[in-house]
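**Student:** Let me see the structure of the following:
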Amino acid sequence: MSWGSESYDTDDYHDNSTNKSRLTVPSGVSKVIVSGQARWDSNTSGTREILVWKNGSSAYEGRPFQHMGAQTYLTMQSFVSPVLAVSPGDYFEMVAWQDSGGSRNIESNVATWFSIQAVE
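**Tutor:** Now for the predicted structure:
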């Protein structure tokens with residue numbers, strides 16, 4: 001998922017023009033918590049997934065992941081990671097997948113967001 005702007009970013013985790021899908025760990029940070037939420041359009045077929053990739057991979061300890069069947073109205077999904085060890089330059093991306101048999105959209109809405117919090 002790509003993010004065109006941020007509501008709050010005092011330490012330059014996000015760049016609005018380069019790699020807009022990424023939240024990148026700055027210097028001086030060694031542990032983070034990553035969280036997010038997606039609001040899918042209305043469709044009752046199939047399943048929906050959201051997960052977080054670290055440095056382009058889904059294979060890392062503590063990866064947050066949420067899988068559920070489509071809902072009658074809007075499907076809402078959210079996740080929170082445990083505390084994750086990181087190095088400066090590591091980056092996270094929120095990834096979405098669905099198998100409804102047709103095109104589905106994650107709504108650009110205040111209910112769709114992606115966040116990183118420095119713990120240490």
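**Student:** ok, and for stretch 87-94, which residues are buried?
**Tutor:** Neighbour counts over stretch 87-94 (16 or more other CB atoms under 10 Å) mark 90-94 as buried. Just so you know, the C-beta spots here come from the backbone N, C-alpha and C atoms, and that holds for glycine as well.
**Student:** contacting residues around it?
**Tutor:** When contacts are taken as CB atoms under 8 Å, 6 or more residues apart in numbering, the neighbours of stretch 87-94 outside the stretch itself are 1, 19, 21-30, 32, 34, 36, 38, 50-56, 114, 116.
**Student:** Write the ChimeraX selection for whichever of those are buried.
**Tutor:** In ChimeraX, selecting the buried portion of the contacts of stretch 87-94, with burial taken from 16+ other CB under 10 Å, looks like this:
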select :22,23,24,25,29,32,34,36,38,50,51,52,53,54,114,116
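**Student:** Just to be sure, which of the contacts of stretch 87-94 are found in strands?
**Tutor:** Assignment to strands by DSSP state E places the following of the contacts of stretch 87-94 there: 22-24, 32, 34, 36, 38, 50-54, 114, 116.
**Student:** For the most centrally placed residue in the chain, give the beta-bridge partners.
**Tutor:** Compute the mean C-alpha point of the chain, and by CA atoms, centre = their mean the closest residue is residue 94, 2.6 Å away. Under the criterion DSSP bridges, residue 94 forms beta bridges with residue 52.
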